[in-house]
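**Student:** sharing a model prediction with you, sequence too.
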Amino acid sequence: MLTPISGRSVIVTGASKGIGKGIARVFARQAAKVLVVSRNLAEAEASAAEIGNGASAFSADVGDFDQCRAMAEAALERHGGLDVLCANAGVYPQTVIEEMDPSEWDLVLGTNLKGNFLSVKACLPALKGSDQGRVILTSSITGPVTGFPGWSHYGASKSGQLGFMRTACIELARHGITVNAVLPGNIITEGLEGLGEDYLSTMAASIPLKKLGVVEDIGNAALFLASKEAAYITGQTIIVDGGQILPESLEALE
Ligand code: NAP
């Protein structure tokens, strides 16, 4: 049983849908005060309304520092402080290198990697005021552990997040703030469903637990990393993938 996180102030970026919404829901169910962030305000509001338990919406682009600062300010104003930043917003267009426009590389790195830096930097003054400051990054198995055609930019961004984390955790340690990352495997989200039924069924077959994960699987890992009990864990990764990265060959799954 984890020490309750009730009353803690939490920002979840990319929480209008998918994994971010799942993370926000898990924290809100524990009576944390959750700020649901995405660029599209109407979708963030709909998500916050569905999550309930006092969750509220804010519109910000994590690729824009001023908007990240406004996001941190909103948490301070609405919740009286900030304890947890779940830097989850991310994009994953799938394009092979030969066909990729350089602007797509910039978009993916700018959102997934620079977005982490900007979110953490903007939230740092507020997090320093917490006695239990936490940063939880949503990385991926793609990049840090595996590769997949079409995701060279995405994999680079997700590996880059871990490089960022390993220095950020040292810099922020003096403020008592931990920085960790969750590495999801294939989790059923609106974004993933867009990749089509063939992708989803092939993926499920390649996972030892024979199913894709659900967004709450990532929310539960984030909740643990945000807990008092995880206070001595920093700069680490938790893979949540149903065992997907482990089989050496298709034979191993028979
Ligand atoms: P999703 O369903 O497409 O949702 C993405 C969320 O991020 C939306 O709320 C979107 O809202 C927001 N977003 C995108 N760009 C943003 C920006 N510049 N600023 C603020 N918010 C932004 O994606 P998902 O599948 O839940 O993925 C979420 C995270 O998990 C990503 O970091 C992804 O890399 C990671 N991940 C996912 C999987 C998976 O299987 N689904 C696996 C491994 C890792 P707006 O468009 O309104 O901004």
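**Tutor:** Yes, it's here. Numbering: from 1, shown residues only.
**Student:** tell me which stretches of this protein form strands.
**Tutor:** 9-13, 33-38, 56-59, 84-87, 134-138, 178-184, 237-240 (DSSP state E).
**Student:** out of these, deepest packed?
**Tutor:** strand 84-87 (a mean of 32; mean count of other C-beta atoms under 10 Å). (Glycine included, C-beta is placed from N, CA and C.)
**Student:** give the other helices and strands that that strand contacts.
**Tutor:** strand 9-13, helix 18-29, helix 114-127, strand 134-138 (3 or more C-beta pairs under 8 Å, 6 or more residues apart in numbering; DSSP states H and E).
**Student:** off-centre distance for the last one?
**Tutor:** A distance of 7 Å separates the C-alpha centroid of strand 134-138 from that of its chain, computed with C-alpha atoms, centre = their mean, to the nearest Å.
**Student:** mind checking which of the helices and strands packed on strand 84-87 is nearest Glu193?
**Tutor:** The closest of the helices and strands packed on strand 84-87 to Glu193 is helix 18-29. By C-beta to C-beta, the value is 9.5 Å.
**Student:** give the other helices and strands that the closest one contacts.
**Tutor:** Using 3+ C-beta pairs under 8 Å, 6+ apart: helix 18-29 touches strand 9-13, strand 33-38, helix 41-51, strand 84-87, strand 134-138, helix 190-193, helix 215-226.
**Student:** same list (those) but as TSV, adding distance to the ligand.
**Tutor:** Converted to TSV, the helices and strands packed on helix 18-29 look like this (distance: least, C-beta to the nearest ligand atom, whole Å):
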stretch	distance to the ligand
strand 9-13	5
strand 33-38	3
helix 41-51	5
strand 84-87	8
strand 134-138	4
helix 190-193	3
helix 215-226	7
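**Student:** chain center to the helix or strand of the chain with the lowest mean pLDDT, what's the gap?
**Tutor:** The helix or strand of the chain with the poorest confidence is helix 190-193; it has a mean of 84 (mean pLDDT, DSSP states H and E). Distance of helix 190-193 from its chain centroid, counting by C-alpha atoms, centre = their mean, is 15 Å.
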